[in-house]
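> no sequence on hand, only this structure:
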């Protein structure tokens with residue numbers, strides 16, 4: 001049985017019965033807005049938030065029109081219960097799955113987590129959408145997934161799975177090149193694998209990026225790792 005899948009990462013897509021469903025932008029915005037709220041929303045709140053420049057009457061009319069356009073395909077995506085709207089229980093939202101995966105990595109000790117592919121934690125929430133309600137959620141999810149990638153890199157390093165650790169860590173660096181914690185995770189992986197020269201190279205890359213883009217020096221935490229590198233090099 002095909003489930004309805006709502007994709008919000010790396011672009012909007014609604015898949016019903018295994019096939020993409022074309023929706024007008026008004027319906028896409030409504031679905032995305034409701035999906036980003038874990039609790040049911042009042043219709044008036046959704047209408048007022050999505051059509052800020054319209055009168056209350058016009059905003060409510062726009063909401064009714066968007067719901068009609070969404071439901072005319074016969075698929076139940078948004079559950080309407082009285083004055084409340086919520087994503088239907090039968091809809092799988094990729095954002096929620098990625099969030100659950102991130103929390104599992106951050107909070108758990110299950111060895112199965114070490115098999116997670118970096119791509120599963122690398123999506124961007126609705127790129128190209130610039131509504132205020134999107135911008136906040138995009139940044140919140142970005143921080144969550146980057147923390148998860150940093151943690152996964154460290155856990156893989158502790159498990160001495162250095163190739164996988166570096167793949168995950170470098171994926172985090174690519175996602176945010178100015179994030180020191182991601183650089184530190186990569187440096188630790190190199191050091192644990194005995195690749196001192198690679199650790200030095202990663203530190204210097206981090207330092208140059210911070211200086212060129214922000215006019216900053218690395219934090220004490222990052223500099224402490226550099227001192228560890230010199231200690232290893234001297235001992236060698």
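Thanks, I have it. Given the structure is predicted, the values throughout are model-derived calculations rather than measurements. Numbering: from 1, shown residues only.
> who are the neighbours in contact with residue 177?
The contact partners of residue 177, by C-beta atoms under 8 Å, 6 or more residues apart in numbering, come to residue 209. Bear in mind the C-beta positions are built from the backbone N, C-alpha and C, glycine included.
> would it count as being in a strand?
No: counting by DSSP: H, G, I helix; E, B strand; the rest coil, residue 177 falls outside a strand, being coil.
> tell me the pLDDT at it?
Listed pLDDT for residue 177 reads 96.
> what comes up buried for the lowest-mean-pLDDT helix or strand in the chain?
Least confident helix or strand, the chain: helix 220-235 with a mean of 78, by mean pLDDT, DSSP states H and E. The neighbour-count check on helix 220-235 (16 or more other C-beta atoms under 10 Å) flags 222, 225, 226, 229 as buried.
> could those go into JSON lines alongside distance to residue 86?
Below are the buried residues of helix 220-235 laid out as JSON lines (distance: C-beta to C-beta, whole Å):
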{"residue": "222", "distance to residue 86": "44"}
{"residue": "225", "distance to residue 86": "46"}
{"residue": "226", "distance to residue 86": "50"}
{"residue": "229", "distance to residue 86": "52"}
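> report the two of these separated the most.
Greatest spatial distance in the buried residues of helix 220-235: 222 and 229, 10.9 Å, computed using C-beta to C-beta.
> anything in contact with each of the two?
Going by C-beta under 8 Å, 6+ apart, residues that sit against residue 222 and also against residue 229 are 187, 203.
> quick one: the helices in the chain, in order.
Using DSSP state H, the helices found in the chain span residues 25-35, 43-50, 56-71, 94-107, 132-158, 162-175, 180-192, 196-214, 220-235.
> can you read off the pLDDT for the residue lying closest to residue 118 once chain neighbours are set aside?
Of all residues not flanking residue 118 in the chain, residue 171 sits nearest, at 3.8 Å (C-beta to C-beta, 6 or more residues apart in numbering). pLDDT recorded at residue 171 is 95.
> give me the domain ranges for the chain.
Annotated domains of the chain cover 4-89, 101-235 [automatic domain parsing].
> residue 95: which of these is closest?
Using C-beta to C-beta, the nearest of these to residue 95 is domain 4-89, at 4.6 Å.
> how far does that closest one sit from the chain's center?
Taking C-alpha atoms, centre = their mean, to the nearest Å, one finds the center of domain 4-89 at 21 Å from the center of the full chain.
> pLDDT averaged over that domain - what is it?
Domain 4-89 comes out at a mean pLDDT of 93.
> pull up the distance across stretch 110-118, start to finish.
Stretch 110-118 stretches 17 Å from its first residue to its last (C-alpha to C-alpha, to the nearest Å).
> now do stretch 46-56
Using C-alpha to C-alpha, the end-to-end distance of stretch 46-56 comes to 11 Å.
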